[in-house]
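A.B. asks: how does the following fold in three dimensions:
(4 chains)
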Number of protein chains: 2
Amino acid sequence: MDVFVAIAEPNRRRLLDLLAERDRTAGELAAALPSLTQPGVSRHLKVLREVGLVRSTVKAQTRIYSLQPERLFELERWISRYRQYWGQHLDSFEEHLRNGTARQNQESEMSGNSHE
Amino acid sequence: MDVFVAIAEPNRRRLLDLLAERDRTAGELAAALPSLTQPGVSRHLKVLREVGLVRSTVKAQTRIYSLQPERLFELERWISRYRQYWGQHLDSFEEHLRNGTARQNQESEMSGNSHE
DNA sequence: ACATTATTTAATCATTAAGTTATATATAGC
DNA sequence: GCTATATATAACTTAATGATTAAATAATGT
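C.D. replies: Got it, this is the predicted structure:
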């Protein structure tokens, strides 16, 4: 699995966000995601470990997880190409986003000029 | 499907990259991804359309695709939180990435200090 | 109207992902 | 050594993804 797939899962993004604040034990992380069972969280943590986005160290019976942000840079590098599109007028862009967020599937297809 | 899942697929990232250069017809895009069949590319384009990352307009029998970068801003907003981690020393960070890219699964688990 | 070109949609199949419960592992404290 | 606690792994099920081939749709040129 690669970084892009790893962060596609919202629970895993949430886990990373929590670890960006501070290190936490697996138990704390599991408790922070009440929509999942403990083994479920553990499996997401395993994915994050395997992809190199987090690291864990054993402390007594607990495992302390910490963020390993290096590989997020791949994402940064990819998105940087598109930064030109907002870059300048960030504010109006964010507003545009907020307005346009409703109409998803526009299927514009405004048809050519053949029969009119 | 959301933006994060949409860009998790490498062919779809490639399609966006191609459209970042310039508008292209569906045929040109299909030809640019020789590892996929034409219907396969068409389906990826459909995903990108539905998620709002591209738009298509009919021109004669061809469909011209163009990038619709707005929704990529969601990704930008998420990653921006992590930008603090490289931000300053970008160069050394990229090098670190290059070096560390081999050892993926570190499973550090350096075990506690109980039996030593 | 017919053949051709460009593209999408449908049907199908294999693979992968994610969730669940039950179980295993490992450490701590008595 | 036994029990409790913390966490991971296994086994299993279900759902989603992506690829393929075949067929449908739409516009063009004759």
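
A.B. asks: so where's chain A shaky on pLDDT?
C.D. replies: Using pLDDT under 70 as the threshold, the predicted model of chain A has low-confidence ranges A:87-116.

A.B. asks: what about the strands in chain A?
C.D. replies: With DSSP state E applied, chain A shows strands at A:24-25, A:54-59, A:62-67, listed in chain order.

A.B. asks: count of neighbours near A:R77?
C.D. replies: A:R77 has 11 neighbours, counted by other CB atoms under 10 Å in any protein chain shown. In this view, the C-beta of every residue, glycine as well, is placed from N, C-alpha and C.

A.B. asks: in contact with it, which residues?
C.D. replies: By CB atoms under 8 Å, 6 or more residues apart in numbering or on different chains, the contact set of A:R77 is empty.

A.B. asks: the longest helix along chain A: which residues count as buried?
C.D. replies: Ranked by number of residues, the top helix in chain A under DSSP state H is helix A:38-51. Of the residues in helix A:38-51, those scored as buried under the neighbour-count criterion (16 or more other CB atoms under 10 Å in any protein chain shown) are A:41, A:44-45, A:47-49, A:51.

A.B. asks: related to what we said a few turns ago, could you dump the strands of chain A to a markdown table with distance to chain B and mean neighbour count?
C.D. replies: Rendered in a markdown table, the data for the strands of chain A read as follows (distance: least, CB to the nearest CB, whole Å; neighbours: other CB atoms under 10 Å in any protein chain shown):
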| stretch | distance to chain B | mean neighbour count |
| --- | --- | --- |
| strand A:24-25 | 13 | 18 |
| strand A:54-59 | 5 | 18 |
| strand A:62-67 | 8 | 18 |
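
A.B. asks: same list (those) but as a markdown table, adding distance to B:E76.
C.D. replies: Converted to a markdown table, those look like this (distance: least, CB to CB, whole Å):
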| stretch | distance to B:E76 |
| --- | --- |
| strand A:24-25 | 26 |
| strand A:54-59 | 22 |
| strand A:62-67 | 19 |
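
A.B. asks: format those as CSV; extra columns: distance to DNA strand C.
C.D. replies: Putting these into CSV (distance: least, CB to the nearest atom of the strand, whole Å) gives the following:
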stretch, distance to DNA strand C
strand A:24-25, 13
strand A:54-59, 6
strand A:62-67, 9
